Each structure stands twice: as structure tokens, then as C-alpha cells.
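[1] Quick one, structure for this:
(one chain, ligands or ions: 2)
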Amino acid sequence: WREDLAPGAVVLRGFALPMVPALLAGVEAVTASAPFRHLVTPGGQTMSVAMSNTGALGWVSDRRGYRYDATDPQTGRPWPAMPAAFAQLALDAAHAAGFDGFTPQACLINRYAIGARLSLHQDKDELDYDHPIVSVSLGLPAVFLFGGFERSDRQARIPIAHGDVVVWGGPSRLRYHGVQPIKPGVHPLLGDVRINLTFRKVR
Ligand code: MD3
Ligand code: FE
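    Residues are numbered from 1 along each chain as shown. Ligands and ions are numbered 1, 2, ... in the order given. Alright, predicted model coming up:
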């Protein structure tokens, strides 16, 4: 159930399955106070993925740039507190991948409708690359593009299913990555969506 993709990059197949009911309840609670929204990139494109955040800091994008902010710009309130089950899962998954003491400040909640995608990018809005990123996938399956350190490097395609957790850290922390367009389908629990939780230590 544990697959090493590259040094520092580990797939934990089905790791989140026992926590799925608690995670879905958490997503419902968080997005009742901080609704999903389609952010605009600095280049003016509206993202196909809908986003929200939970934790002390949330990732936001607008015409001015990408950043982490303690306040939800849409509501003017702090992001909802991170549910205990989220923080516990992130800590446990990081530990299983060899990273101890992972206490994330931010959890970005991405919601993909069919056809939504995330184009190739690096996660470099954090000030601290020593900590890993933990990604939890729920609902419809996806294909991760797992590239190298230059945008033009060849990419591996990694199929990801409901309940899979991926930990990206160490020497893989700054690899280019993306998510291919979600294929049509119906998940027994989530229906026609994919949800991804991405945990980060920002600073
Ligand atoms: C990081 N989200 O929000 S992490 C993101 O499915 C993002 O929504 C993905 O990328 C999603 O920034 C889940 C996927 C990922 C893959 C490879 C990586 C993150 C990585 C390699 C290095 C660092
Ligand atoms: Fe990313």
C-alpha cells in the first residue's frame, strides 16, 4: 500500500479510508462557513477548480498574486478552524512517509467537477520547503502529473483513487505537478465530484 514515486514522494494507497466519514463531515462544516469559490489567477483566468480553506492560513489568488492569508477575502472572517480529524490524518500520513511532527497551518480544499483540471505548477508560495505537502483524495479518481524540476521535464502519470494519500517532501518538494481533467463518472459517496485536501506548513 506504500509506493515510493521518487525520493521524498510517497503514495499511501487507501490510507484515508477509515477517516472518510469524519473528513466529509469536516468539508461540509468548513464550506458552510467558507463556501467554495472559483479564484482568479494573476493572469486573469478563472480556475476550473473551486476552492476553500481551513486552518490558521488559507491559500488565495487574485489579480494581485498568490498568497496565504488568515482572512477569507470573500467573507472577511478568519478561515474556519481545522477539524481535529484533518490535523490528525496529516500528522499520521506524514509520519508514515517518514516525516515527523507535521503540524500544518493550512488546508486547501479543492473541488473538481468533471472536466476540471490543475495545470502544471510548482508549490512555492510557502516560505518553508523543509516540510512536506500532504494530499488526500476523495471521490472521483484522478491522474496526477508528476514532473521534474523544470516545466519541460517529462511527467509520470500517477492514477489516484478515493482514500489515497500522497506525501511530497524532501528532494521532491519542488517538483512540477498537475491534475489531468477529471473524467466523467459517479462516485458512490460523492457523486460527480473529486475533493482534494492539501495540507501545508507555510512558515
Ligand atoms: C507537490 N493540488 O493545490 S497535490 C495544489 O489534486 C495541488 O488538487 C492537487 O497541486 C490536487 O497545489 C494535490 C498534487 C501534487 C503532486 C505532486 C507534487 C503536489 C506536489 C510534487 C511536489 C510537490
Ligand atoms: Fe500543487
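
[2] Would you map the strands across this structure?
    For the chain, the strands defined by DSSP state E cover 2-6, 9-12, 50-55, 58-62, 65-69, 106-113, 118-121, 133-139, 142-146, 156-160, 165-168, 177-179, 193-200.

[3] now the residue nearest to Phe36 when sequence neighbours are not counted: how far from Leu39?
    Using C-beta to C-beta, 6 or more residues apart in numbering and skipping the chain neighbours, the partner closest in space to Phe36 is Ala50 (3.9 Å). The C-beta positions use only the backbone N, C-alpha and C, and glycine is treated the same way. Ala50 sits 9 Å away from Leu39 when distances are taken as C-beta to C-beta, to the nearest Å.

[4] and what of Phe99?
    From Phe99 to Leu39 the distance is 28 Å (C-beta to C-beta).

[5] got it, and Pro78?
    Per C-beta to C-beta, Pro78 is found 18 Å from Leu39.

[6] repeat for Gly101
    From Gly101 to Leu39 the distance is 31 Å (C-beta to C-beta).

[7] neighbour count winner among those two?
    Neighbour count, other C-beta atoms under 10 Å: between Gly101 and Leu39, Leu39 has more, with 17 against 9.

[8] Please name the bridge partners of whichever residue of the chain sits closest to ligand 1.
    Ligand 1 sits closest to His177 of the chain, with a gap of 3.1 Å, by C-beta to the nearest ligand atom. Beta-bridge partners for His177, by DSSP bridges, are His121, Phe146.

[9] How about Ala156?
    Beta-bridge partners, per DSSP bridges, of Ala156: Phe146.

[10] hang on, it packs against Val11?
    No - counting by C-beta atoms under 8 Å, Ala156 does not reach Val11; the two are 11.3 Å apart.

[11] shared neighbours of the two, which are they?
    The contact sets of Ala156 and Val11 overlap at Leu5 (C-beta atoms under 8 Å, 6 or more residues apart in numbering).

[12] which one of these two has more residues nearby?
    Using other C-beta under 10 Å as the criterion, Ala156 and Val11 rank with Val11 on top: 22 against 14.

[13] can you pull the contacts of the more buried one?
    Counting by C-beta under 8 Å, 6+ apart, Val11 makes contact with Arg2, Glu3, Leu5, Ile158, Ile160, Asp164, Val165, Val166.

[14] And the first one, how far from His162?
    The reference is to Arg2. Arg2 sits at a distance of 17 Å from His162 (criterion: C-beta to C-beta).
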